[in-house]
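1. Sequence first, then the predicted structure, then my questions.
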Amino acid sequence: MSSVQLGIDLIATFLLAAWLLFHYGNWYRHHIFVTLAVLVAWYFSFIIVLVLPIDISTTTYLKCLTNLNETNITTTTTTVTSVLANTTNDLLLCNPPPSYVGSHVLTNLWRVVYWTSQCLTWLLLPLTLSYINSGEFNVKKKLQAALLDNAIYYSLYLFICVILLIYLATRPGLELDFQKLKAIASSASNSWGLFLLVGMLGYGLISVPLTIWSKSKLTSTLSAAYFRTAKLSQERNSAEETLDDTLESFQLIQNTPKYRHFISQIDSLIPVEFRERLQRRRNRVEQQSVEFVDEKILVKLHKQVKKALQNYHRVEMQWEGQLDYVIYLEDVEKSGRSGGRSFVHSFSSGGSNLWRWWPTGEYYYRCILTPYLLKILSILTGILSGIIIWSEATFFSQHPVLSVFAAFLNSANYNYTWIEIVSTVTTAYLAVCAFYTVFKIRIFNFYYLAGRHQTDEYSLVFSGMLLSRLTPPLCLNVISLFHLDSHIIKSHSQETSYTKIMGHMDVISLIADGFNIYFPMGILIVSLLTYFKVGKRLLAMVGVEQFFEENVDDVGGDDSTGDLVREGKELVAREKRRRLRSQENQQSNRNWRYDENSEVRNRNALSSSIQSQSGGGGAIGSGSIGSSSNNCTNPPRDLFDDV
């Protein structure tokens, strides 16, 4: 049963990662290496949610056996009967958990997961990012450019490792062996991930409950969506102008005969609609000329074209998705105000097939039930976030035990079912809060994950690299919350299989001592900054428009937030009119084709009927043609009309 549960967990996690990659990526258009690398990175990042609780329950069971052996060794003054009785009771108490597979199985599994993730995040994925964005025209030069781009990147981390080695060499009484060198490499790798996790987790623990709560309030959600639409319209125009300028630069050198092969590769990237623009302004561009063109200029231009196309495609996908979302919110608002107890879509193609046949059920679900469900979910996640933040800030305290999760583990009395349930919920929620930031972050449109197979290769690889770097410190954080990392809690405890592979940071006392202090403080500070919207207020002070719910209560105000909300509302109304016209044109074309086909079928049927009756030898004037005419005309013909 134990191996079956582990196998089910591994298969379920793989199916989840594969489905998400299928939803965001495009398996048919993307390179096979990119698809496999991102799939492995996501799979090994999601696997901690179901496998780490098994490791925690296994460690609890091994700790029970260790305490049992220590008790039997120290019990020397009792009788043999009492020792046997106590041993029997303890053995009954120390039953293995249902998911127990042996520590060696988990150790081997974590070894594969940990070192594969390290290889992906520090070697393969950064090289893949540089390879994708390279402007070279063949594989060999692309690899050389990727290695050159990452030379500074790798030199920085090599410099950090050298400093750590010098620091350790100056410490008296410390001998360096392979295990300590491995711990140094792991510490250098995980330190960056810890700082990244502080920001991601501190933001996600506050942002997730607040986002769910705000979505339960339709008015503020719709205003924020209008605001986001107006901002996206500006970004869309900027991306289109940048792409136009880049393609105009390409058109200046498009007729260079010497580098025709390179130019054709760049030309193959240009979408059809932009080719038409290039054709329209060809006469104006032909009057200009470029004095000198060489391969370096073409490589630089190739890279600019790829970057401009990626940015344009990314913003375009955000624009389409944002419009669909705002139109859906408007449908919810309109259906709620109508009082007709029936959900009304703006377009005939809206809604799923299930709700299409039951609009009343869709109305009660989307307009009545969903806000209450979101509020309940927001309250539950808010309570869980508060418990986690408290435990993060106090997990270093051993006497008394202030971490809620460590106190639960001590009082669980080896109830492995509840231990795995609580650890699974905790790990899953921490992963959601950390990965939510990865999937929702937008760094100057540097990368964006768009559904419906619209995410580009660069964004997929970048997300895989971030997830791989977050996974090791996230696991260490969960283990520390339950007081199972003896090198951080500073008490004798059974070691988990994961920390056996990952190692500890006590070789570098500067990092190990600072972890207990700066990591909890960092999460607490970032959480407070997120709750009070300090980052958004600072951006607003320097001129970057930010949405604040209190600024749009008076829609007629003169503030920039209200202006952008009104602008977004007008943009959505314009887009709805355009889509309605397009839908009406498609419907009229469809009806015209149907009427034309029906007329052709009727003519063919009438012609076949006449031919069959003529071939039968019947009289033309008095037979079936007369009756057919009576059925097809109004008023009916008389005898003279038939003659």
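-> It's in.
2. Can you tell me the element the residue lying closest to Leu301 once chain neighbours are set aside falls in?
-> Distances taken as C-beta to C-beta, 6 or more residues apart in numbering put Phe250 closest to Leu301, at 5.9 Å, once the chain neighbours are dropped. In this view, the C-beta of every residue, glycine as well, is placed from N, C-alpha and C. Take DSSP states H and E as the rule and Phe250 turns out to sit in helix 218-252.
3. Which of the helices and strands in the protein ranks last by mean pLDDT?
-> Sorting the helices and strands of the chain by mean pLDDT, DSSP states H and E puts helix 639-642 at the bottom, at a mean of 38.
4. Identify the residues contacting the residue nearest to Leu580 when sequence neighbours are not counted.
-> Once flanking residues are discounted, Leu580 sits nearest to Phe347: 7.3 Å by C-beta to C-beta, 6+ apart. Taking C-beta atoms under 8 Å, 6 or more residues apart in numbering, we find Phe347 in contact with Ile327, Arg579, Leu580, Gln583.
5. try Trp110
-> Contacts for Trp110 (C-beta under 8 Å, 6+ apart) come out as Asp55, Ser497, Tyr498, Lys500, Ile501, Met502.
6. The fourth one: how many residues sit nearby?
-> It refers to Lys500. Counted with other C-beta atoms under 10 Å, residues neighbouring Lys500 total 14.
7. That one is in what secondary structure piece?
-> Per DSSP H and E, Lys500 falls inside helix 497-502.
8. roughly how far is that helix from the heart of the chain?
-> Centre-to-centre, helix 497-502 and its host chain are 27 Å apart (C-alpha atoms, centre = their mean, to the nearest Å).
9. Now that helix: average pLDDT?
-> Regarding helix 497-502, the rounded mean pLDDT is 84.
10. Check which helices and strands it is in contact with.
-> Applying 3 or more C-beta pairs under 8 Å, 6 or more residues apart in numbering; DSSP states H and E, one finds that helix 497-502 contacts helix 48-74, helix 103-119, helix 457-481.
11. From the contact counts, what lies against the last one?
-> Contact partners of helix 457-481 among helices and strands, from 3+ C-beta pairs under 8 Å, 6+ apart: helix 32-46, helix 48-74, helix 103-119, helix 125-133, helix 178-215, helix 370-394, helix 416-440, helix 497-502.
12. and what of the first one?
-> Taking 3+ C-beta pairs under 8 Å, 6+ apart as the contact definition, the neighbouring helices and strands of helix 48-74 are helix 2-24, helix 80-93, helix 103-119, helix 416-440, helix 457-481, helix 497-502.
13. what's the most buried one of those helices?
-> Mean neighbours per residue, mean count of other C-beta atoms under 10 Å, is largest over these for helix 457-481, with a mean of 25.
14. returning to what we had before: comparing the helices and strands packed on helix 497-502 by mean pLDDT, which bottoms out?
-> helix 48-74 (a mean of 82).
15. Now do it against helix 416-440, angle only.
-> Angle, helix 48-74 to helix 416-440, by axes from the mean of the first three to the mean of the last three C-alpha atoms, to 10 degrees: 140 degrees.
16. about what we covered before: so the residue nearest to Leu301 makes contact with Ser264?
-> No - using C-beta atoms under 8 Å, Phe250 is not in contact with Ser264; the gap is 11.8 Å.
17. Between these two, which has more neighbouring residues?
-> Comparing Phe250 with Ser264 by other C-beta under 10 Å, the one with more neighbours is Phe250, at 22 against 10.
18. Could you report the separation of the more buried one from Ala239?
-> To Ala239, Phe250 is 16 Å away according to C-beta to C-beta, to the nearest Å.
19. what's the answer for Val438, then?
-> Distance of Val438 to Ala239, given as C-beta to C-beta: 23 Å.
20. And Leu278, by the same measure?
-> Using C-beta to C-beta, we find Leu278 at a distance of 17 Å from Ala239.
21. Settle it for me: which of these two has more neighbours?
-> Under the criterion of other C-beta under 10 Å, the comparison of Leu278 against Ala239 puts Ala239 first, with 21 against 17.
22. confidence score at that one?
-> Predicted confidence (pLDDT) for Ala239: 91.
23. What of Gln586?
-> In the predicted model, Gln586 carries a pLDDT score of 78.
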